[in-house]
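**Q** sequence first, then the predicted structure:
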Amino acid sequence: PPTVRLEDYRPSDHLIDRVELDVRLDPHDTRVTARLAIRPNPAGRPGAPLVLDGDDLRLLALDLDGQPLAPAAFRVAPSALTLPEPPGRPFTLTIETRIDPSANTKLMGLYRSNGVYCTQCEADGFRRITYFLDRPDVMAVYTTRIEAEEAQAPVLLGNGNPVESGRIEGTGRHFAVWHDPHPKPAYLFALVGGCLDRVAKSFDTREGRTVELAVHVEPGKAERAAYALDAVERSMVWDERAFGRAYDLDVFNVVAVSDFNMGAMENKGLNIFNDKFVLASPETATDADYAAIEAIIAHEYFHNWSGNRVTCRDWFQLCLKEGLTVFRDQEFSSDMRSRDVHRIGEVRTLRARQFPEDAGPLAHPVRPRQYAEINNFYTATVYEKGAEIVRMLRTLVGESAFRAGMDRYFSDNDGRAATVEDFLVAFEAESGRDLARFAEWYERPGTPRVAVTGTYDAAERTYRLDFRQTRPGAGDDAPPLVIPVRLGLVGPDGPLGEATCPQVEDGVFVLDAFEAALTFDDVTAPPVPSLFRGFSAPVRVDMAMDDADRLTLLRHDSDGFNRWEAAQRVAARLMIGALRGAATDAGADAFAAALGAFLDARALDDPAFAALVLALPSENDLADEIGAEIDPDAICSARRALRVRIGASLNPRLRALRDALAEPAGTPFSPDAASAGRRSLRSAALDLIAAADPADGTALARAQIAAATNMTDRLAGLSTLALLPGSAREAEFAAFAECYVDEPLVLDKWFAIQATIPEDGTIERVRRLQTHPAFAMTNPNRVRALVGSFALANPTQFNRADGAGFALTAETVLALDRTNPQVAARLMTAFGSWRRLEPVRRAAAESALRRILATPGLSRDVTDIAGRSLA
Ligand code: B3K
Ligand code: ZN
């Protein structure tokens, strides 16, 4: 496939100022008439041909300034409409196309989901609706008239504000006209038509605008939309307070649909969501679902400024809107919940998804320089590492210059399509700091490593830290990065406040060379360094430290993130040591004792935090840390062994905690962070009890399921049981399926739990579930729940030495590629760490990849991932 390169960027030769769309919806024969006000771009090449993008389009009619165009004056194909000699002045082009929404299985462009007409245009779906200059730097004002059979689509929604609506007498059809005054790129276009229920409320912005907020869902599900509606309102309040950003239209609509390629989409004034991230009730959604809904509602809403009012010049700048908006939604969730707990969750996600990506064949810079298929670059690197860059920027320039820089960025670029440079320049102006070298974070792939050694001088009462940064994967000529290191020293009884160091300002040292050293004065006893507090930079840290010192941090550090990190490091060292035959039971017992003391001291004060401490590093975390010649079975056994030991040692405490945390009967469900934290610690305790004592665990898990008044407790019981083979497990699986036969989103959880069982029989189970009546290859949520969970979250079975896990995944990828290449390509990323496996598994993975790549008729999406994975 052709490669698009950043260095080839040039402005469009033509601009489109206004778009008037007339969309007559029909299940198979939708007619779209687009009137485009086009003019030559003064910044483009004079006299250049006009080439409008298309994808799978059929042209019905075409005229220019009201006159049909002579056949010689244009060329048309499903993928482009070309006017070789367009007028060198402003003109109006009217294009009629015909599309079939029911046949649109790619879920890009206009399609139907459970009978609801909806659209998805980012990154390049608008060209599946009409011929257009489908690039983000072409921004137009849209007016959309939507017409449909009233019985089929009583609700008609578009971008912007409603203007007019009415019946077309005698036809059973009706229409609605929407106008969006804010110029926008085509990727933010949306429309919806269908039978939908809604919940709504009005909101007054601090600028005095009254906005009607509404969440639209499938008929009968309105009460499950209340939490999402509340999250919209909280997001609006927060963005006004935290970033000074107010909403700018009279309505804000959210629509939930069941067939959706990703989480949600920030279309101007009309966010369209995967219903998984809207619908919630205590009986069907877990605490994690509530948190995800809150975060994604916020994320899409925050895009109204970071993405819509200020958009991206080209897709290479994707992190400009995505990294920034993830940062904003993380800050929002931290303010809504516990900041430490949220930060730990952010870092877990980054390490689970971005670190492996950065270490494998799909690694790319946060601002990529080339792509074959842009939809494959909506990655953890662009999103999550992109957010970490914004966070580091804040650490470097400080709170107040950061806020001023954000204000400047928004006002200088409002209504424009901007670049990463435009972003950084705003912070340079406000902080007076040169960010040229900091900008290197955007340019090269790879997770930096920082090696640190500490030396205490008792006579001088000084403590010296030596830092050395390396950049694996970035190329030999890569310059050093500017790395903010938030740090402090901790003594046997707590942080050493009196130790000082001139290079540390407000607790931050800026490491901007390959090597640097720091010396702290007035250090009265050998300290334990607490480095990268709050995970102040997305790096891997190598520092030799005794378990005992780390456990001092768990006990005494003032930084919540590093307290958690200390326990994780000890656990990882024990497990990796065990699989290399180098760990001792004494080490595990000392760790268990420290965990016990920690639980006694802190568990009931902060149950959510304690639950995170008890959740040892995952198998994938350990694989990422080991980095080469990985044997997932050995990792699984080592992890299981440590859990057994800890569970056995802490059993009485864990039982007591479960009792202390139990909610009195009749307590109404609340999804707030404190209640969720208590549930999570109770379930973490159950999990460890069960690891050491399966019989007891089975009984407790069944009792938890039977007594559960909410999905969180029920599912946690089922997850524990999933690791305990036997008839009890199968009986509970069956009962669960029967209970939720009409709840696809709940059955997704059931699919996912079964797909992640680390047992040989899982392959057969997944194959059986693929024929379950509730499973459908046409629905991305079902595919991700079953096959996605298997491939991405079941390391022993996906990576089976006999290749059966790779084969199952490859078959699914190939079958799906025929209907929905974007979701197929996403599933393919499970192969991204294949080179780090031990030789037998590596060979099996490689042959599955080669088989995929050799398949005739493969989509560009999957070809791109398979090709890069093998390169
Ligand atoms: N901007 C969309 C993602 C679009 C993905 C296109 N393949 C959702 C989001 O990040 O907010
Ligand atoms: Zn986004």
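**A** Now that the structure is in, tell me what you want to look at. Numbering: from 1, shown residues only. Ligands and ions are numbered 1, 2, ... in the order given.
**Q** could you use CA atoms for every contact and neighbour count after this?
**A** Will do.
**Q** output stretch 296-303 as CSV, nothing but the C-alphas.
**A** Once non-C-alpha atoms are left out, stretch 296-303 reads as follows in CSV (Å, rounded to 0.1, in the frame of the first residue of the first chain):
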residue,chain,number,x,y,z
ILE,A,296,-14.9,8.3,28.1
ILE,A,297,-17.9,10.7,28.4
ALA,A,298,-15.4,13.2,29.7
HIS,A,299,-12.8,12.4,27.0
GLU,A,300,-15.2,12.9,24.1
TYR,A,301,-16.7,16.0,25.7
PHE,A,302,-13.2,17.5,26.3
HIS,A,303,-12.5,17.0,22.6
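**Q** so where's the longest helix in the chain?
**A** helix 632-661 (DSSP state H).
**Q** so what secondary structure elements neighbour that helix?
**A** helix 560-579, helix 585-602, helix 619-626, helix 673-692, helix 795-798 (3 or more Cα pairs under 8 Å, 6 or more residues apart in numbering; DSSP states H and E).
**Q** and if we set it to 10 Å?
**A** In terms of contacts (3 or more Cα pairs under 10 Å, 6 or more residues apart in numbering; DSSP states H and E), helix 632-661 is packed against helix 560-579, helix 585-602, helix 607-614, helix 619-626, helix 673-692, helix 795-798.
**Q** nearest approach to T284 belongs to which of these?
**A** helix 673-692 (14.9 Å; Cα to Cα).
**Q** tell me the angle that closest one makes with helix 607-614.
**A** 30 degrees (axes from the mean of the first three to the mean of the last three Cα atoms, to 10 degrees).
**Q** in helix 673-692, what counts as buried?
**A** 673, 675-692 (16 or more other Cα atoms under 10 Å).
**Q** got the angle between that helix and helix 632-661?
**A** Interaxial angle of helix 673-692 relative to helix 632-661 (the same axes, to 10 degrees): 120 degrees.
**Q** could you dump helix 673-692 to CSV, C-alpha only?
**A** What follows is helix 673-692 as a C-alpha-only set of coordinates in CSV (Å, rounded to 0.1, in the frame of the first residue of the first chain):
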residue,chain,number,x,y,z
ALA,A,673,-14.9,5.5,44.4
ALA,A,674,-15.0,4.8,48.1
SER,A,675,-17.7,2.1,47.7
ALA,A,676,-16.0,0.7,44.6
GLY,A,677,-12.7,0.6,46.6
ARG,A,678,-14.3,-1.5,49.4
ARG,A,679,-15.7,-3.9,46.8
SER,A,680,-12.3,-4.2,45.1
LEU,A,681,-10.4,-5.0,48.2
ARG,A,682,-13.0,-7.6,49.3
SER,A,683,-12.6,-9.3,45.9
ALA,A,684,-8.8,-9.0,45.9
ALA,A,685,-8.8,-10.8,49.3
LEU,A,686,-11.1,-13.5,47.9
ASP,A,687,-8.8,-14.0,45.0
LEU,A,688,-5.8,-14.6,47.2
ILE,A,689,-7.7,-16.8,49.6
ALA,A,690,-8.8,-18.9,46.7
ALA,A,691,-5.2,-19.2,45.3
ALA,A,692,-4.0,-20.9,48.4
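**Q** helices or strands next to it in the packing?
**A** So helix 673-692, by 3+ Cα pairs under 10 Å, 6+ apart, packs with helix 287-302, helix 607-614, helix 632-661, helix 694-707, helix 711-722.
**Q** about what we covered before: comparing the helices and strands packed on helix 632-661, which comes out most buried?
**A** Highest mean neighbour count among those (mean count of other Cα atoms under 10 Å): helix 795-798, with a mean of 26.
**Q** mean confidence for that one?
**A** Mean pLDDT, helix 795-798: 98.
**Q** and the contacts of that helix?
**A** 619-620, 623, 631-636, 755-763, 787, 789-792, 803-809, 830-831, 845 (Cα atoms under 10 Å, 6 or more residues apart in numbering).
**Q** try stretch 666-675
**A** Residues from elsewhere that reach stretch 666-675, judged by Cα under 10 Å, 6+ apart: 227, 281-283, 285-291, 336-338, 341, 606-608, 661, 663, 676-677, 679-680, 709-710, 712.
**Q** buried residues in the longest helix of the chain?
**A** 632-636, 638-651, 653-654, 657-658, 661.
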